[in-house]
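Undergrad: Quick check, what structure comes out for this input:
(chains A and B)
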Amino acid sequence: MTREELKFISSSAEQSIEFAKKIAAYLDPPSLILLKGELGSGKTLMAQGIASALGYEDEVTSPTFNLVQEYRAAQEIIHMDLYRLDKSEELIEIGFEDYLNRDAVILIEWPEIALSLIPADFIFIEIIKKTNDKREIIISGEGKKAERLVERLFKNVNSRD
Amino acid sequence: MNAKRNYKNKEDDIFILALESSCDETAASVNKNGLEVLANVVSSQVELHQKFGGVVPEIASRKHLELLLPVIDEALEKAGLEFRDLDAVAATYGPGLVGGLLVGLTAAKAIALSLEIPLIAVNHIAGHIYANFIDNPQIKKPLICLTISGGHTDLLYFEDLKGYEILGRTRDDAAGEAFDKIARYMGLGYPGGPAIEKAAVEGDPQAIDFPRAVMADNSFDFSFSGLKTAVMNYINNQKQKGKEIDQADLAASFQEAVVDSLSSKLLEAVKKYDIKSVVLSGGVAANKRLREVVEAELKEVEIEFYYPSLELCTDNAAMIGAVAYYQYLDRDFASLAISADPSLKL
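TA: Below is the predicted model of the structure:
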């Protein structure tokens, strides 16, 4: 099985937002998107870019304290931040599995605690902080649909270079 | 289940194919007479899951399905045997991730059915204990075994598969789970055990004084959630104060607290029970600092101490094959209707 991985170097918040918008353009909801990266790496920024490309123009903040925020746009968007959670049992209490069944674009920051509950089809975005402004964004897909998205995104990014 | 047949006895050579697929390693082995390992093949998915920061069970089962048949073929080839040479087939049936367990167990059932040989269902935890006997068949019993992994922290008194007693277990997180969580908070990656051990090498284990859980009822139970909270609070406090965190000192101090909690309970149990040896098992048994501390303490009380080689500490099929041999001699065979049990106890 070939596993495509796309690496993108972003030198600014604006470039990251632009890249997130490109990802959004290829989404075929329902979509599950996992955002991994240390504190301050820009996970919420990617979520912002994706939400705005999907037609949500209000503010997008990290739902660290609410855990889940829902955005109403042409496409329903669910944004989660699981940093505060400690056990996967707590996910069941917040109705995590019900969210997964919704016809939405689901963005999950700090997804590690939820790995035991997710399906094998998702888009995985890892952000590595290189310097204050520079980020390496690595995107890969699990499952046929997500793999296809990464392939198409790969062609798009490479053809513009 | 099978037609009447003549099973082999202790005097005969018995060849068993064993499968293990309870977490993120797809493994097959061929053992001769239990402890002689003719082939031990492990195809690891660890790297794949490393990227996500933990095991994704749904992806693991899909991978097991892809990898299992090639792994079985390779094990037979390495052992220089054909399917028809096998006397029995064994598989882990719990505890573990249900999807993975089903892949291995179903394959074993199919092999048992088509070759008309017995199916042996093995408990994964028993496998980890028996991993010790593969390297050191001379280990004297009764013994005390400390099983420590991502899913378990069990202290047990062990005579044989039918005679053992659980002395203590964790009341919250397993030791390996605590390593994983702290490694994640420290940004060290997954799996946490080796990551923290590596970060701790240059650190001072006395730099930060983290709490060790004391059980009010004097039991042999463990608890790691208080320690975990203390480490997380420490990280958050330092960050709020804008202070640099010395990763090496933090890793070393955390590791020392875990090692201390484990080794002190173990030593208490050793003093209370009349045993001949102590063995470690499970992935966290690979931790060098733990081995060092336990070794030194047991030397003082003159108890023999063993731990498996690195290859046998992590999940493997040879340890399952070792247990299966003793189950074979006891004619402890499973029906083809047996199902996987993700939360199986020893």
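
Undergrad: Surely A:M46 and A:E126 touch.
TA: No: the criterion here is CB atoms under 8 Å, and A:M46 misses it with A:E126 at 10.5 Å. Heads up, the C-betas are built off the backbone N, CA and C, glycines and all.

Undergrad: Now the most centrally placed residue in chain B. Nearest residue, chain neighbours left out?
TA: Centroid-nearest residue in chain B: B:G282, 2.8 Å away (criterion: CA atoms, centre = their mean). Using CB to CB, 6 or more residues apart in numbering or on different chains and skipping the chain neighbours, the partner closest in space to B:G282 is B:S149 (3.5 Å).

Undergrad: ok, now how distant is the residue of chain A found nearest chain B from B:I59?
TA: As assessed by CB to the nearest CB, chain B sits closest to A:A120 within chain A, at 3.7 Å. Look at A:A120 and B:I59: by CB to CB, to the nearest Å, they are 5 Å apart.

Undergrad: Comparing the two, which residue is more hemmed in?
TA: The residue with more neighbours, out of A:A120 and B:I59, is B:I59; 23 against 16, by other CB atoms under 10 Å in any protein chain shown.

Undergrad: Am I right that the more buried one sits in a strand?
TA: No: according to DSSP: H, G, I helix; E, B strand; the rest coil, B:I59 belongs to no strand; its state is helix.

Undergrad: now it: how far from chain A?
TA: B:I59 sits at a distance of 5 Å from chain A (criterion: CB to the nearest CB, to the nearest Å).

Undergrad: Now do the same contact list for that residue.
TA: Counting by CB atoms under 8 Å, 6 or more residues apart in numbering or on different chains, B:I59 makes contact with A:120, A:142, B:48-49.

Undergrad: for the residue most central in space within chain A, what are its contacts?
TA: The centre of chain A sits closest to A:I33, judged by CA atoms, centre = their mean, with a distance of 3.8 Å. Counting by CB under 8 Å, 6+ apart, A:I33 touches A:23, A:50, A:105-108, A:122-123, A:125.

Undergrad: on that earlier part again, least confident pick among the contacts of B:I59?
TA: Least confident by pLDDT among the contacts of B:I59: that is B:L48, with 88.

Undergrad: And what about it, helix, strand or coil?
TA: B:L48 ends up helix, using three-state DSSP.

Undergrad: Thought B:K63 was touching it, still the case?
TA: Yes: using CB under 8 Å, B:L48 is in contact with B:K63, at 6.9 Å.

Undergrad: sorry, back to before: find the residues that touch each one of A:A120 and B:I59.
TA: Jointly contacting A:A120 and B:I59 under the rule CB under 8 Å, 6+ apart are A:E142.

Undergrad: pull the longest helix from chain A.
TA: Of all segments of type helix in chain A, defined using DSSP state H, the longest is helix A:144-160.

Undergrad: what's the model's confidence in it, averaged?
TA: Model confidence over helix A:144-160 averages 87 on the pLDDT scale.

Undergrad: is that helix anywhere near chain B?
TA: No: judged by CB under 8 Å from any CB of the partner chain, helix A:144-160 makes no contact with chain B; its nearest approach is 11.4 Å.

Undergrad: Which positions within that helix qualify as buried?
TA: With burial defined by 16 or more other CB atoms under 10 Å in any protein chain shown, the residues of helix A:144-160 counted as buried are A:146-147, A:149-150, A:153.

Undergrad: quick one: B:A126 from chain A, how far?
TA: 24 Å.

Undergrad: Now that residue. Nearest residue, chain neighbours left out?
TA: Distances taken as CB to CB, 6+ apart put B:V323 closest to B:A126, at 4.8 Å, once the chain neighbours are dropped.

Undergrad: and the one you found, helix, strand or coil?
TA: Of the three states, B:V323 takes helix under three-state DSSP.

Undergrad: roughly how far apart are it and B:D332?
TA: Relative to B:D332, and taking CB to CB, B:V323 is found at 10 Å.
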